[in-house]
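[1] Any chance you could fold what I've pasted below:
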Amino acid sequence: MQRPLNLHRVSLLIAKTGKAHSIGETLVKPAAKIMTEIMLGEKSSKEINKIPLSNDTVKKRITSMAENLKVQLVSQLQQSLYFSLKLDESTDIGNEANLSCFVKYIYCGEVHDEFLFCRPLPTNTTGEVLEEAVKIVNFIKGKALNTRLFTVLCKEMGSEHTKLLYHTEARWLTWGKVLSRLFELDFLLTSKEELDGDTTQAFKAHLQGLHSEIGKYFEEPDPSFEWIRNPFVTHKVDIEKVSVNLSSKEADNLVEIATSGTLKTLFRERSLANGWAQVQSEYPGLAEIALKHLIPFPTTYNCEIGFSTLVDHKTKKRNRINVDPDIRLKLSRLEPDIPTVVRQQKQYHSPH
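    Model prediction:
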């Protein structure tokens with residue numbers, strides 16, 4: 001039993017480094033032979049040749065361990081009262097669209113965030129569509145002859161519009177200057193001078209609408225929920241101010257938390273979300289409100305890490321492999337239950 005366990009651990013190390021599965025035969029085994037020969041002699045080093053570390057063998061072990069991690073994750077998610085998802089899309093080396101998903105949930109009084117999956121998408125990403133649109137516009141507007149032919153074609157088809165305009169926003173997106181251009185033009189929102197021209201007024205109205213839409217995603221913090229960030233307000237006036245949306249029982253519980261030195265130490269030693277998760281059994285009402293505000297992902301950082309890992313795995317030489325098992329083992333904070341994996345494989349291959 002010990003030998004299969006160790007061989008799975010070697011495959012796990014290969015997955016966590018993000019290297020090709022063939023590295024077991026091309027590097028790990030030769031290096032092990034050299035070290036064994038130095039330490040134990042040539043006879044012992046020959047035993048290394050009996051260790052199965054082929055590309056297919058390593059792949060099977062990685063896949064089985066990744067499946068075990070998935071089972072563990074699903075089991076923990078089923079025990080969580082609520083969870084949040086973070087999804088993002090990107091393209092790999094083969095220009096294939098991929099969807100990455102991470103999940104944040106509560107398990108055993110702790111908040112966890114884990115890799116859920118990375119799957120190829122059957123359709124193009126928004127970025128690909130935008131890129132193709134820019135290429136088409138540039139081709140038509142690039143030469144006067146193409147522009148004239150396009151106008152004739154539109155007229156023959158009875159189109160309402162016969163000319164193409166350069167899409168300024170597409171240009172900004174291509175060069176990654178959306179925010180910088182937005183700040184450059186912010187004076188239009190705050191300027192007290194009268195701006196002439198219908199086009200300028202329409203542009204100003206568009207920026208004002210954009211400003212309003214951004215405000216929906218970056219709202220000012222609601223002071224009535226300040227107790228979530230800092231539950232240790234001690235003044236009666238402050239407690240009354242932040243507990244306006246709480247029931248009388250929840251307000252009393254907040255007073256208990258605020259005056260507890262033990263809980264203050266607990267919150268100081270843990271993250272804010274984990275602090276509330278720890279008191280969930282004792283103060284379920286307050287903890288539920290707090291955790292529903294804290295569980296959502298604040299950034300796409302996890303997905304960016306996932307896409308970086310995807311790019312590392314899908315190179316020009318490995319652009320057709322299913323990378324989901326490798327990425328799961330590399331990114332997951334869970335550890336595969338290798339004894340269970342080995343036991344299941346023995347049961348699968350045992351004669352019936």
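[2] In contact with Asp324, which residues are there?
    Residues near Asp324 by CB atoms under 8 Å, 6 or more residues apart in numbering: Ala66, Phe117, Cys118, Arg119. Where C-beta positions appear, they are placed from N, C-alpha and C, glycine not excepted.
[3] List phi and psi for it.
    Dihedral angles phi and psi of Asp324 (degrees, to the nearest 10) take the values phi -60, psi -50.
[4] Show me where the stretch 1-150 of the chain has its helices.
    2-17, 23, 29-40, 42-46, 55-78, 126-142, 144-156 (DSSP state H, counting those that start in this stretch).
[5] Who are the packing partners of the fifth one?
    Contacts defined by 3 or more CB pairs under 8 Å, 6 or more residues apart in numbering; DSSP states H and E place helix 55-78 against helix 2-17, strand 97-107, strand 110-120, helix 324-331, helix 338-349.
[6] tell me the angle that helix makes with strand 110-120.
    Calculated by axes from the mean of the first three to the mean of the last three CA atoms, to 10 degrees, helix 55-78 forms an angle of 130 degrees with strand 110-120.
[7] And for the first one?
    Calculated by the same axes, to 10 degrees, helix 2-17 forms an angle of 80 degrees with strand 110-120.
[8] Contacts for the helix or strand following helix 2-17 next, please.
    Once helix 2-17 ends, the next helix or strand along the chain (criterion: DSSP states H and E) is helix 23. Outside helix 23, the residues that touch it by CB under 8 Å, 6+ apart are Ile14.
[9] Could you do stretch 222-231 as well?
    233, 239, 241-245, 254, 257-258, 263, 267, 272, 276, 286, 289-290, 293-294.
[10] next one: stretch 298-311 to chain centre, how far?
    Computed by CA atoms, centre = their mean, to the nearest Å, the separation of stretch 298-311 from the middle of its chain amounts to 5 Å.
[11] Restricting to C-alpha, output it in CSV.
    This file holds the C-alpha atoms of stretch 298-311, laid out as CSV (Å, rounded to 0.1, in the frame of the first residue of the first chain):
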residue,chain,number,x,y,z
PRO,A,298,-14.5,41.6,-4.0
THR,A,299,-12.2,41.1,-7.0
THR,A,300,-11.4,38.8,-9.9
TYR,A,301,-8.0,38.0,-8.5
ASN,A,302,-8.7,34.3,-8.2
CYS,A,303,-9.8,34.1,-11.8
GLU,A,304,-6.7,36.0,-13.0
ILE,A,305,-4.5,33.4,-11.1
GLY,A,306,-6.5,30.7,-12.7
PHE,A,307,-6.0,32.1,-16.2
SER,A,308,-2.3,32.5,-15.6
THR,A,309,-2.2,28.8,-14.6
LEU,A,310,-4.2,27.9,-17.7
VAL,A,311,-1.6,29.7,-19.9
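[12] Please identify the buried residues of that stretch?
    Asn302, Cys303, Gly306, Phe307, Thr309, Leu310 (16 or more other CB atoms under 10 Å).
[13] Relative to Ile327, which of these is nearest.
    Proximity of the buried residues of stretch 298-311 to Ile327 (CB to CB) peaks at Thr309, which lies at 5.3 Å.
[14] Can you name the element that comes right after the strand or helix carrying Ala273?
    Secondary structure assignment for Ala273, by DSSP H and E: helix 272-278. Later in the chain than helix 272-278, the nearest helix or strand by DSSP H and E is helix 284-294.
[15] same question for that following helix, mean pLDDT?
    Average pLDDT, helix 284-294: 91.
[16] and the angle from that helix to strand 97-107?
    Using the same axes, to 10 degrees: helix 284-294 against strand 97-107 is 160 degrees.
[17] packing partners for helix 284-294?
    Looks like helix 284-294 contacts helix 226-229, helix 248-258, helix 272-278 (3+ CB pairs under 8 Å, 6+ apart).
[18] Enumerate every residue touching the residue most central in space within the chain.
    With distances taken as CA atoms, centre = their mean, the residue of the chain nearest its centroid is Cys303 (2.4 Å). Listed by CB under 8 Å, 6+ apart, the contact set of Cys303 reads Lys86, Leu87, Asp88, Ser100, Cys101, Phe102.
[19] For it, give its distance to Glu89.
    Counting by CB to CB, to the nearest Å, the gap from Cys303 to Glu89 is 9 Å.
[20] between these two, what contacts are shared?
    With CB under 8 Å, 6+ apart as the test, Cys303 and Glu89 both reach Ser100.
[21] Scan the contacts of Cys303 and report the most crowded one.
    When neighbours are counted by other CB atoms under 10 Å, Ser100 leads these with 25 neighbours.
[22] Name all residues that make contact with it.
    Leu87, Asp88, Glu89, Ser90, Phe117, Cys118, Cys303, Gly306, Phe307, Leu310.
[23] What confidence value was assigned to the residue lying closest to the fifth one once chain neighbours are set aside?
    What sits nearest to Phe117 in space, not counting adjacent residues and going by CB to CB, 6 or more residues apart in numbering, is Cys101, at 5.3 Å. Predicted confidence (pLDDT) at Cys101: the value is 88.
[24] Same question for the one 3 residues further on.
    Model confidence at Lys104, expressed as pLDDT, equals 93.
[25] where does this protein have its least confident helix or strand?
    Lowest by mean pLDDT, DSSP states H and E among the helices and strands of the chain is helix 168-174, with a mean of 41.
[26] ok, back up a step: now, of the contacts of Asp324, which are buried?
    So, by 16+ other CB under 10 Å, the buried ones in those are Ala66, Phe117, Cys118.
[27] Val103 is in contact with the second one, correct?
    What that stands for is Phe117. No: look at Phe117 against Val103 with CB atoms under 8 Å: they stay out of range, at 9.3 Å.
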